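J.: predicted model follows, preceded by the sequence.
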Amino acid sequence: MKVSIIGTGYVGLVTGVCFAEKGHQVVCVDVDKGKVNKINKGIAPIFEKGLEELLQKNIQKNLQVTTDLYNSVLSTDITLIAVGTPYNGIEIDLTYVKEVSRQIGNALKDKANYHVVVVKSTIVPGTTDEVVLSILEEASKKKAGVDFGVGMNPEFLTEGDAVNDFMHPDRIVLGGLDNRTIHAMEELYHCFEGVDLIRTNNKTAEMIKYASNALLATMISFSNELGNLCSAMGNIDIVDVMKGVHMSNYLSPIQPDGDRVVAPITAFLIAGCGFGGSCLPKDIKALISHGKKAGKQMPLLEAVIRINEHQYEQVLSLLNRHFPSLKGIHVTILGLAFKPGTDDMRESPAIPIIRKLLDQGALIKAYDPISKHEAKKIFGDSIEISNDLFESLQNSQAVILVTRWEEFYKIPELLVNIQPQPLFIDGRRMLDKHSIENYQGIGM
Ligand SMILES: NC(=O)c1ccc[n+]([C@@H]2O[C@H](COP(=O)([O-])OP(=O)(O)OC[C@H]3O[C@@H](n4cnc5c(N)ncnc54)[C@H](O)[C@@H]3O)[C@@H](O)[C@H]2O)c1
């Protein structure tokens, strides 16, 4: 199938590269010329495991990348919208979605054949039918359901494992205005044989994405609230508590052969320094604000956000307990990305932690396997960025672990060679508390 994808960020580029790999003829479009040039040279502008290899295999073959949206729409059968949908502090910001809808509509005006437009960006329920569809009709002077179809296909990939998630989806949600639209989307996803398809209307497809993200965020804030209670009461460790919770038959049922199957959701039922990233915080806030417009308060989700916004402070209070004044204290931050496997620092808890430490006069050295360039953009020269884990631990009075990078499992053996031992604050409860001399963690 001939498909155009508008926006070559995490979602658009991964989608484009993977559909090309599956045999579709793909044209990716972005306004960012620098990005387009890089991708055309086979360089992925973001870090995602396996992405660059697949890009290099398909570029200039099944995959073209351009800034020319108009001709990309004219030369394809289906267009996916994958531009950003940030939260502007009040509500979802639809600027980019509206802009590309207008441009796609302008191209549809000059297109003789039936075309399908599908939104892949995360947008609050009702947006596809009430905003995207109306702009397309207005700009094209054509009729949705007659001259073109409008669909909604939320994306569930997780940064850090995006290519694998896209290539092996757990479900495919196809929202559509009518059967003709859904059929076109089925053809696009025909290459994912055997995957469960959910066919529904656009508004429900939009809501499935928000419900999925809201569930994960709720699990995290729930675990963090309990972790904070454990530390307030003393002599209870949230790690032991959650181990007991995870062993419930609901979360890790015992199979007839006696083995347990551990549900991956247990990874969200662990206390830490809070969730970040480009999706969970902004999506939950956008849903709350959208709910208010529909006359519905969402006290549960409001609490989920409130707990998360204060959770990073837990590591700071552990630090302040040992260092009432941080002026001139050398602090190492381990992990800058909002989660392992990605260089994305959007809404990473590392950002407010570092800002607060700088405000209090601490001297910061930070280490992350791949987010160094992102950190440089945010903090400039106000922090030192280390290229080596062992080096980053040296001459430090306190170390704070913020991201669960696999590499950090070797910290206990590295610390043995360092004297005097720094205070070690595990913001993710990743390491065994008995393996480090001056260990402190959230929820204990
Ligand atoms: N990042 C994730 O893990 C993830 C997962 C699922 C869903 N989503 C959703 O997918 C959408 C995209 O997210 P992302 O992280 O890929 O965003 P991103 O910010 O990484 O990428 C968006 C891209 O769109 C481009 N763009 C903006 N305006 C354009 C225009 N007029 N024409 C062409 N290109 C334009 C930008 O230059 C940018 O490259 C969002 O709605 C997000 O919520 C993201």
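T.: Arrived safely.

J.: my guess is residue 119 contacts residue 79. True?
T.: No. Judged on Cβ atoms under 8 Å, residue 119 makes no contact with residue 79 at a distance of 9.9 Å. For the C-beta atoms, the positions are set from N, CA and C on the backbone; glycine is no exception.

J.: higher neighbour count, these two?
T.: Remark: of residue 119 and residue 79, residue 119 carries more neighbours, 29 against 25, as counted by other Cβ atoms under 10 Å.

J.: which strand residues bridge the more buried one?
T.: residue 81, residue 152 (DSSP bridges).

J.: from residue 81, how far out is it?
T.: Distance of residue 119 to residue 81, computed by Cβ to Cβ, to the nearest Å: 5 Å.

J.: which neighbours do these two share?
T.: Counting by Cβ atoms under 8 Å, 6 or more residues apart in numbering, the shared contacts of residue 119 and residue 81 are 97, 132.

J.: all helices for the stretch 1-150 of the chain, in order.
T.: Secondary structure of the stretch 1-150 of the chain by DSSP state H, counting those that start in this stretch: the helices cover 10-21, 33-40, 51-58, 69-74, 95-109, 127, 133-140.

J.: which of those is buried the deepest?
T.: helix 10-21 (a mean of 26; mean count of other Cβ atoms under 10 Å).

J.: before we move on, the earlier item: could the helices of the stretch 1-150 of the chain go into JSON lines alongside mean pLDDT and distance to residue 154?
T.: Listed next are the helices of the stretch 1-150 of the chain as JSON lines, based on pLDDT from 0 to 100; distance: least, Cβ to Cβ, whole Å:
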{"stretch": "helix 10-21", "mean pLDDT": "98", "distance to residue 154": "10"}
{"stretch": "helix 33-40", "mean pLDDT": "98", "distance to residue 154": "23"}
{"stretch": "helix 51-58", "mean pLDDT": "98", "distance to residue 154": "20"}
{"stretch": "helix 69-74", "mean pLDDT": "98", "distance to residue 154": "22"}
{"stretch": "helix 95-109", "mean pLDDT": "98", "distance to residue 154": "14"}
{"stretch": "helix 127", "mean pLDDT": "98", "distance to residue 154": "12"}
{"stretch": "helix 133-140", "mean pLDDT": "98", "distance to residue 154": "17"}
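
J.: ok, which of those helices comes nearest residue 286?
T.: Closest approach to residue 286 among the helices of the stretch 1-150 of the chain (Cβ to Cβ): helix 127, 10.2 Å.

J.: what residues does this structure put near the ligand?
T.: Contact residues (Cβ under 6 Å from any ligand atom) of the chain with the ligand: 6-12, 29-32, 35, 69, 82-85, 96, 99-100, 121-122, 155, 157, 159, 278-279.

J.: how is this structure carved up into domains?
T.: 2-200, 212-310, 312-441 (automatic domain parsing).

J.: gap between the two ends of the last one?
T.: Across domain 312-441, the straight-line distance between its terminal residues is 12 Å, by Cα to Cα, to the nearest Å.

J.: avg pLDDT for that domain?
T.: Looking at domain 312-441 alone, the average pLDDT works out to 97.

J.: can you give me the helices in the stretch 151-300 of the chain?
T.: Along the stretch 151-300 of the chain, the stretches classed as helices by DSSP H, counting those that start in this stretch are 162-167, 179-188, 202-233, 238-246, 280-293, 299-311.

J.: reformat those helices into TSV and put mean neighbour count and distance to residue 53 next to each item.
T.: Formatted as TSV, those follow (neighbours: other Cβ atoms under 10 Å; distance: least, Cβ to Cβ, whole Å):
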stretch	mean neighbour count	distance to residue 53
helix 162-167	19	9
helix 179-188	18	23
helix 202-233	19	28
helix 238-246	16	35
helix 280-293	20	28
helix 299-311	16	35
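
J.: for PyMOL, what selects the buried ones among the residues of the chain next to the ligand?
T.: To isolate the buried subset of the residues of the chain next to the ligand in PyMOL, counting by 16 or more other Cβ atoms under 10 Å, use the following:
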select buried, resi 6+7+8+9+10+11+12+29+30+31+35+69+82+83+84+85+96+100+121+122+155+157+159+278+279
